[in-house]
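Colleague: For reference, the sequence and a predicted model appear below.
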Amino acid sequence: MTHPGDIADEVDVYVEMGMSPLEALTSATTSTARLFGLGDVGLVEAGYRADLLGVQGDPLSSIDALRSVQVVISGGRVRYPEGRET
């Protein structure tokens with residue numbers, strides 16, 4: 001399972017260094033995928049593979065929202081923090 005805290009820690013550092021939350025999220029996702037030549041990841045768009053976090057709150061207003069993960073969608077499976085899967 002994806003460990004959502006990992007991206008939260010990374011993005012926190014970017015914001016502490018002066019990036020906006022949007023810039024930090026883009027850097028941790030889309031920009032990283034491009035850097036590593038991963039052509040089918042990094043965007044939520046038709047034809048792309050994506051792992052998604054559902055969080056409580058708006059990470060563009062407060063990056064701390066990434067620490068309140070409610071659901072993870074990864075590899076076509078829906079997973080919840082308490083271990084439930086669908």
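Modeller: Cool, got the structure. Residues are numbered from 1 along each chain as shown.
Colleague: buried ones in the longest strand along the chain?
Modeller: Identified as the longest strand of the chain according to DSSP state E is strand 69-74. Judged by neighbour count using 16 or more other CB atoms under 10 Å, the buried positions of strand 69-74 are 69, 72. To be clear about C-beta, it is placed using only N, CA and C from the backbone, and glycine gets the same treatment.
Colleague: Let me see the mean pLDDT of that strand.
Modeller: Strand 69-74 shows a mean pLDDT of 89.
Colleague: Stretch 6-13 now?
Modeller: For stretch 6-13, mean pLDDT is 86.
Colleague: what does stretch 26-44 give?
Modeller: Stretch 26-44 comes out at a mean pLDDT of 81.
Colleague: List of residues touching it?
Modeller: Residues outside stretch 26-44 that contact it (CB atoms under 8 Å, 6 or more residues apart in numbering): 7, 10-11, 14, 19, 47-50, 52.
Colleague: rerun at 6 Å
Modeller: If you take CB atoms under 6 Å, 6 or more residues apart in numbering as the criterion, stretch 26-44 is touched by 7, 10-11, 14, 48-50.
Colleague: Stretch 13-21 now?
Modeller: Residues outside stretch 13-21 that contact it (CB under 6 Å, 6+ apart): 24, 27, 59-60, 63.
Colleague: Quick check: of the residues you listed, which has the highest neighbour count?
Modeller: The residue in the contacts of stretch 13-21 with the most neighbours, by other CB atoms under 10 Å, is residue 24 (24 neighbours).
Colleague: Pretty sure residue 55 is one of the things residue 71 touches, is it not?
Modeller: No - using CB atoms under 6 Å, residue 71 is not in contact with residue 55, being 8.7 Å away.
Colleague: Okay, and which of the contacts of stretch 13-21 map to helices?
Modeller: Members of the contacts of stretch 13-21 lying in helices (criterion: DSSP state H): residue 24.
Colleague: any idea which of the contacts of stretch 13-21 is the one closest to residue 84?
Modeller: residue 59 (23.0 Å; CB to CB).
Colleague: How confident was the prediction at the residue nearest to the closest one when sequence neighbours are not counted?
Modeller: Leaving aside its sequence neighbours, residue 59 sits nearest to residue 65 (CB to CB, 6 or more residues apart in numbering; 4.3 Å). With respect to pLDDT, residue 65 scores 93.
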